[in-house]
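> Give me the fold of what follows.
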Amino acid sequence: MIAYVALSVASLLIAASSQVATAPVPSQAASSERLAKIEAAVASPSRTPANVVRDRYRHPAATLNFFEVDPGDTVVEIWPGGGWYTEILAPYLAAGGGKLYAGAPDWGRSGLAKLQQADAKLYGGIEAVDFPAFDSAAKRLPDGTADVVLTFRNVHNWRMGYRRDDKQDYSAEAFRQMFAMLKPGGVLGIVDHRLPESASEERERSSGYIKVSTVRRLAEAAGFKLIASSEINANPKDTTDWPEGVWTLPPSLALKDQDRDKYLAIGESDRMTLKFVKPTA
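Numbering: from 1, shown residues only. Sure, this is the predicted structure:
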């Protein structure tokens, strides 16, 4: 991960309309050596074949390269779920002397546990920490530890109050904790299902999609600065107005056999890819 100095990023910000702009050229070009190492991890035989099939929708090599994840970095993967990205990050960081943490609540660690049971050598070094950490008994990552924090398709869950009995939005607190985890100059990489800016508040709280402007507002309120956006994970076929929200599309296919071929032809959701930095001063 390249350390960023404090400078004006106005030319890199998304337009005032809050629509996603074409990704600007990074301040320092990603090295071909780093990309080659990421691609090697993506090609690792340790990956689950069903996960490999989804590379065409998730573009893992291009995404991790865009987020400038270097093999020697300390990385926190927030809510890794079944471990789709963990299967790539673990061998990549292990080969380069990096460190991987999994930030998740107790109920969100089953995927990591399965990976560790299947291959203790490859995944055993991944350390789990509580995220979000809401009480003093939680196991927190010490402040200023991480070079990179990554979260894939999770901000909408926090916005929806997912897994909270009161269904209250806890996204602001999640961003505050991610900010604290990072070293100054560290990168926060976010991929999430993109909702049109014209959509209603209700759709943002129920559809599984979220607006770019909302993610920016949350990140900037926590202290982050947006430095780049990318269309790596865009899907223009996704109109975002499906009967069961984003879960209508693959991989969930919430309607099961109803219009299955139609939704398979659309593919996975249209996604924003945003890179933020924790300022150095």
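
> Buried residues in the longest strand along the chain, which are they?
As assigned by DSSP state E, the longest strand anywhere in the chain is strand 182-195. Residues 182-183, 185-195 are the ones in strand 182-195 that count as buried (16 or more other Cβ atoms under 10 Å). Every C-beta, even on glycine, is put in place using the N, C-alpha and C of the backbone.

> helices or strands next to that strand in the packing?
Helices and strands touching strand 182-195, as assessed by 3 or more Cβ pairs under 8 Å, 6 or more residues apart in numbering; DSSP states H and E, comprise helix 60-66, strand 146-152, helix 155-159, strand 210-211, helix 212-222, strand 271-277.

> residue ranges with poor pLDDT in the stretch 151-281 of the chain?
Applying pLDDT under 70 to the stretch 151-281 of the chain flags no residue at all.

> Which helix or strand lies directly C-terminal to the longest strand of the chain?
For strand 182-195, the following helix or strand on the C-terminal side (DSSP states H and E) is helix 201-204.

> Just the buried residues of that next one, please?
So, applying 16+ other Cβ under 10 Å, buried residues of helix 201-204: 203, 204.

> next one: it to chain centre, how far?
The chain centroid and the centroid of helix 201-204 are separated by 21 Å, computed with Cα atoms, centre = their mean, to the nearest Å.

> With only the CA atoms kept, save that helix in CSV.
Extracted in CSV, the C-alpha atoms of helix 201-204 (Å, rounded to 0.1, in the frame of the first residue of the first chain):
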residue,chain,number,x,y,z
GLU,A,201,-34.7,6.7,1.2
GLU,A,202,-36.9,3.7,1.6
ARG,A,203,-35.2,1.8,-1.2
GLU,A,204,-31.8,2.5,0.4
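
> what does it rub up against?
Helix 201-204 is contacted from outside by 156, 159, 195, 209, 210, 211, 214, using Cβ atoms under 8 Å, 6 or more residues apart in numbering.

> Now flag whichever of those residues is closest to residue 86.
residue 156 (20.2 Å; Cβ to Cβ).

> sorry, back to before: how about the buried residues of strand 182-195, which pair is most distant?
183 and 195 (31.3 Å).

> Where does pLDDT dip in the stretch 1-150 of the chain?
Within the stretch 1-150 of the chain, the segments meeting pLDDT under 70 span 1-30.

> Walking through it, point out its helices one by one.
32-42, 49-52, 55-58, 60-66, 86-96, 110-118, 120-123 (DSSP state H, counting those that start in this stretch).

> what helices or strands is the fourth one leaning on?
Pointing back at helix 60-66 there. So helix 60-66, by 3+ Cβ pairs under 8 Å, 6+ apart, packs with helix 32-42, helix 86-96, strand 182-195, strand 271-277.

> and the first one, how far from the chain's centre?
Okay, so that is helix 32-42. 19 Å.

> Can you list the buried residues in it?
Those would be 34, 37, 38, 39, 41, 42, for helix 32-42 by 16+ other Cβ under 10 Å.

> measure the closest residue to residue 264 other than its chain neighbours to residue 205 for me?
Nearest residue to residue 264, sequence neighbours excluded (Cβ to Cβ, 6 or more residues apart in numbering): residue 250, at 6.0 Å. Distance of residue 250 to residue 205, given as Cβ to Cβ, to the nearest Å: 23 Å.

> try residue 168
From residue 168 to residue 205 the distance is 11 Å (Cβ to Cβ).

> Neighbour count: the two, which is higher?
Under the neighbour definition other Cβ atoms under 10 Å, residue 168 and residue 205 were set side by side, and residue 205 has more, 14 against 8.

> The more buried one: what's it in contact with?
Taking Cβ under 8 Å, 6+ apart as the contact definition, residue 205 lies against 159, 160, 169.

> run the last query once more with 7 Å
159, 160 (Cβ atoms under 7 Å, 6 or more residues apart in numbering).

> The nearest residue to residue 37 once chain neighbours are set aside: neighbour count?
Nearest non-adjacent residue to residue 37, counting by Cβ to Cβ, 6+ apart: residue 71, 5.5 Å away. If you count neighbours by other Cβ under 10 Å, residue 71 ends up with 18.

> can you tell me which residues contact residue 71?
Counting by Cβ under 7 Å, 6+ apart, residue 71 has contacts 37, 92, 93, 95, 96, 98.

> how far away is the third one from residue 174?
With the distance defined as Cβ to Cβ, residue 93 ends up 23 Å from residue 174.

> Ok, the last one next?
With distances defined as Cβ to Cβ, the gap from residue 98 to residue 174 amounts to 23 Å.
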